[in-house]
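*Asks:* Show me the folded form of this:
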Amino acid sequence: MAGRASAGDRAVTALFDAVLFDRDGTLIADVPYNGDPALVEPMPGARAALDRLRAAGLRLGVVTNQSGLARGLFSAEQLAAVNARVEELLGPFDSWQVCPHDDTAGCACRKPAPGLVLGAAEALGTTPARCVVVGDIGRDMVAAGAAGATGIIVPTAVTLSPEVAAAPARAADLTGAVDLILERQALVTPREPRRPGGTVLVVRSDSAGDVLLTGPGIRAVAAGADRVVLLCGPRGRAAAELLPGVDEIIEARLPWIDPQPAPVGPDFTGELVARLAAVGADEAVVFTSFHQSALPLALLLRTAGVARITAISDDYPGSLLDVRHRVPVGVPEAERARSVSAAAGFALPDGDDGALRVRVDAPDAAGDYVVVHPGASVDARACPPQTMRAIVVALERAGHRVIVTGGPDEQELAAAVGTPAGATSLAELTRLIAGASCVVVGNTGPAHLAAAVGTPVVSLYAPTVPFGQWGPYRVPYVRLGDPAAACRDTRAAVCPVPGHPCLTRIDPAEVVTAVRLLGVPVPVISEVAA
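*Replies:* Predicted structure coming up:
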């Protein structure tokens, strides 16, 4: 039977197409309201860093606020002369996007609004999700997120510490930012493409959100295999059923991963080995989070006769793994999964942009409501009900129609927050989210579900795990919550700080502003409909 990929010479989809730079403080030294080309001074290492990106085939753009034009502090001719000097010193850019307005204009282009990023992506013939924005302040990162682009902050003396803490990624200088971009590109690119065909067992025994984030990696495997069988746990089964590229599902609770593990005995291992052997897999690709070990399952896979196994392992794997892969800390989880597939020789097919995806029925209506999802799989990541209730009230007062969602075990919580939509399965929730104009949600599965259907996210994010690794992936978002709270990077399941301040201190007005920043219109209700 022919594989889904027709040939080994299939074009590999790159992670990024373009890199967009803030100008002042990032590419050149910040001279306030500069209209004099003679004062242009490149940041250290800027030319060499940009040339590396050009050599890698990435297009370059500039996205810059220049309110001095609106204030009359320099002319359009002076601005053009300064920009020409920048290109003389740093080489050509493929797009210049300039906002000439000041803060009073209420325009869609002045950062933190996403207009400049959206304009650059269009001018460069790509999408914001395939762009990186490099800047030195929080406005640059917010604009990147609101457009759905990747953000990397390069702090300077004027960068505020909360801006650094909130950024999805950080580099010490432009050289480090380019290192990070090219490293992430290389991680998802197979060095030795695998011959297509055969049956491949893929594994992600975790929660629904984790399974959704593994989707791009699984699609890469599916592009080069005849048949893909997914081994997942009961917490991820519903998400597994939504993933494109999965032909068959095996459900098993793996006691070295499941948070409520059952005892391990001969009956368990014997039964699981028999089920794995019955798959008839030619090889296995095991996806794990950085704190999980693939080695217990690798031993059972070997016992089941699987000939080739690929997984991440910092521990010595002996003969349990054929491809031992390692990934730097902080890589977005979806790219981490893709990197495992790439290590095994699998790549996404040409035209697949690497975003999260699910199979979803068409929604009844689109864009005229905001979904608020108060629940979370881990208590420490859930915004307290009283804060969520205040958010719902603020959104409704601003004119938005709000739908509060929750699973079968979250109905009491949903009722405390607003008028619940009723108990929803994951498939039903997917359909609701797909029709929403945006979703207000914590760091939990529905945030990744929103990313998978392209619905913007207001992320009420507790910093117990890194935002750059677990935040909404390749979808427009605005992050709210204290990014430098005492719980930062603790991986706590229960908030270790009394009062849950990282989320309780979110002002509902901030959520209304975030929804507006994401371009969500207030529904117009006609008098007849009313």
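*Asks:* going forward, measure contacts between C-alpha atoms and count neighbours the same way
*Replies:* OK.
*Asks:* tell me what the helix or strand hosting residue 479 is packed against?
*Replies:* Taking DSSP states H and E as the criterion, residue 479 maps to strand 477-480. In this structure, strand 477-480 packs against helix 138-147, strand 457-460, helix 508-517, with contacts taken as 3 or more CA pairs under 8 Å, 6 or more residues apart in numbering; DSSP states H and E.
*Asks:* and the next element down the chain from that strand?
*Replies:* Later in the chain than strand 477-480, the nearest helix or strand by DSSP H and E is helix 501-504.
*Asks:* What are the contacting residues of that next one?
*Replies:* If you take CA atoms under 8 Å, 6 or more residues apart in numbering as the criterion, helix 501-504 is touched by 383-384, 387, 460-463, 481-483, 485.
*Asks:* what's the answer for stretch 75-91, then?
*Replies:* Here stretch 75-91 makes contact (CA under 8 Å, 6+ apart) with 28, 34-37, 40, 42, 46-47, 50-51, 69, 93.
*Asks:* now swap in stretch 103-114 and tell me
*Replies:* 64-65, 67, 99, 101-102, 115-116, 138-147, 517.
*Asks:* got a list of contacts for stretch 272-280?
*Replies:* Outside stretch 272-280, the residues that touch it by CA under 8 Å, 6+ apart are 199, 201, 229, 252, 300-301, 303-306.
*Asks:* Show me the residues you listed that map onto strands.
*Replies:* Assignment to strands by DSSP state E places the following of the contacts of stretch 272-280 there: 199, 201, 229.
*Asks:* Which of those residues ranks first by neighbour count?
*Replies:* residue 201 (27 neighbours; other CA atoms under 10 Å).
*Asks:* Does that residue touch residue 231 like I think?
*Replies:* Yes. With contact defined as CA atoms under 8 Å, residue 201 reaches residue 231; the gap is 7.2 Å.
*Asks:* Give me the secondary structure label for residue 335.
*Replies:* The three-state label for residue 335, taken from DSSP: H, G, I helix; E, B strand; the rest coil, comes out as helix.
*Asks:* which residue is nearest the centroid of this protein?
*Replies:* Per CA atoms, centre = their mean, the C-alpha nearest to the average position across the chain is that of residue 473, at 1.6 Å.
*Asks:* Quick check: the gap between it and residue 332.
*Replies:* Distance of residue 473 to residue 332, given as CA to CA, to the nearest Å: 8 Å.
*Asks:* what do you get for residue 515?
*Replies:* Relative to residue 332, residue 515 is positioned 24 Å away (CA to CA).
*Asks:* Then residue 118?
*Replies:* Distance, residue 118 to residue 332, using CA to CA: 22 Å.
*Asks:* cool, and residue 413?
*Replies:* According to CA to CA, residue 413 and residue 332 sit 30 Å apart.
*Asks:* Please apply the same query to residue 312.
*Replies:* Taking CA to CA as the measure, residue 312 falls 15 Å from residue 332.
*Asks:* ok, these two, which is more surrounded?
*Replies:* More crowded of residue 312 and residue 332, by other CA under 10 Å: residue 312, with 27 against 21.
*Asks:* quick one: contacts for residue 20?
*Replies:* Shown in contact with residue 20 (CA under 8 Å, 6+ apart): 60-63, 117, 120, 131-134.
*Asks:* State the number of residues packed around residue 235.
*Replies:* Neighbourhood size, residue 235 [other CA under 10 Å]: 19.
*Asks:* Given the lowest-mean-pLDDT helix or strand in the chain, what are its sheet partners and their directions?
*Replies:* None of the helices or strands of the chain scores lower by mean pLDDT, DSSP states H and E than strand 420-423, at a mean of 82. Strands adjacent to strand 420-423 in the sheet, as given by DSSP bridges, are strand 402-406 (parallel).
*Asks:* Following the partner strand in sequence, what is the next regular element?
*Replies:* Immediately after strand 402-406, counting by DSSP H and E, sits helix 411-417.
*Asks:* Can you spell out which helices and strands pack onto that next one?
*Replies:* Using 3+ CA pairs under 8 Å, 6+ apart, the elements in contact with helix 411-417 are helix 385-397, strand 402-406, strand 420-423.
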